[in-house]
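*Asks:* I would like the atomic coordinates for the input below:
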Amino acid sequence: MSDTTVASKTCAALIIEDDQDDVVLLQRALKRVSSQLGIQVEISTFPNGMEALSSVAVRDLTSRLPSVVIVDLNMPIMGGEQFLRVLRRELKLPDLPAAVLTTSSEKPVHDRAFAAGADYVFVKPAAMHELDAIAREILQIGTTQVQ
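*Replies:* Numbering: from 1, shown residues only. Got it, this is the predicted structure:
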């Protein structure tokens with residue numbers, strides 16, 4: 001008998017973040033928490049909204065959309081708000097879960113993110129256990145959606 005356990009759920013997470021340190025921390029948190037939850041996580045990363053939109057459009061055409069998108073707001077070329085507006089209005093993907101992960105705790109910033117199309121807004125935490133809690137919530141979001 002094998003000791004390996006097959007994950008019963010899969011979450012394809014698309015991270016859009018220009019800060020490589022933040023990308024690495026989020027990837028580690030998603031992998032750590034997914035292991036605890038028995039979820040297989042597949043992670044794709046992009047440094048800006050423009051590159052991510054190209055990927056999402058191709059994935060939409062091939063019926064391989066991510067389970068959840070995690071996007072930063074402040075990025076070069078195309079920021080998070082513009083990415084969300086195009087995702088929702090141009091690509092017409094209102095049901096693809098989108099979470100914003102931002103350094104800002106200001107309500108107007110969060111309100112603009114929601115208005116652009118975010119389903120969730122999280123403030124980037126200072127402690128790893130807080131990032132793990134956000135990763136847990138993101139994985140739960142990504143595994144409960146109808147694909």
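
*Asks:* Now do the strand or helix carrying Q82, average pLDDT.
*Replies:* Using DSSP states H and E, Q82 sits within helix 80-85. For helix 80-85, mean pLDDT rounds to 96.

*Asks:* Which positions within that helix qualify as buried?
*Replies:* Of the residues in helix 80-85, G80, E81, Q82, F83, L84 count as buried by neighbour count, 16 or more other Cβ atoms under 10 Å. Glycine gets a C-beta too; all of them are placed from N, C-alpha and C.

*Asks:* so which of those comes closest to L61?
*Replies:* F83 (18.1 Å; Cβ to Cβ).

*Asks:* What ranges does the chain have for its strands?
*Replies:* Ranges of strands in the chain, per DSSP state E, are 9-16, 39-46, 68-71, 98-102, 120-123.

*Asks:* got the CA positions of stretch 57-66 in PDB?
*Replies:* The C-alpha trace of stretch 57-66 is given here as PDB (Å, rounded to 0.1, in the frame of the first residue of the first chain):
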ATOM      1  CA  ALA A  57      -7.800  35.000 -23.300                       C
ATOM      2  CA  VAL A  58      -6.000  31.900 -24.700                       C
ATOM      3  CA  ARG A  59      -7.200  29.900 -21.700                       C
ATOM      4  CA  ASP A  60     -10.700  31.000 -22.200                       C
ATOM      5  CA  LEU A  61     -10.600  29.900 -25.900                       C
ATOM      6  CA  THR A  62      -9.200  26.500 -24.900                       C
ATOM      7  CA  SER A  63     -11.600  26.100 -21.900                       C
ATOM      8  CA  ARG A  64      -8.800  26.100 -19.400                       C
ATOM      9  CA  LEU A  65      -9.500  29.200 -17.300                       C
ATOM     10  CA  PRO A  66      -7.800  29.500 -14.000                       C
END
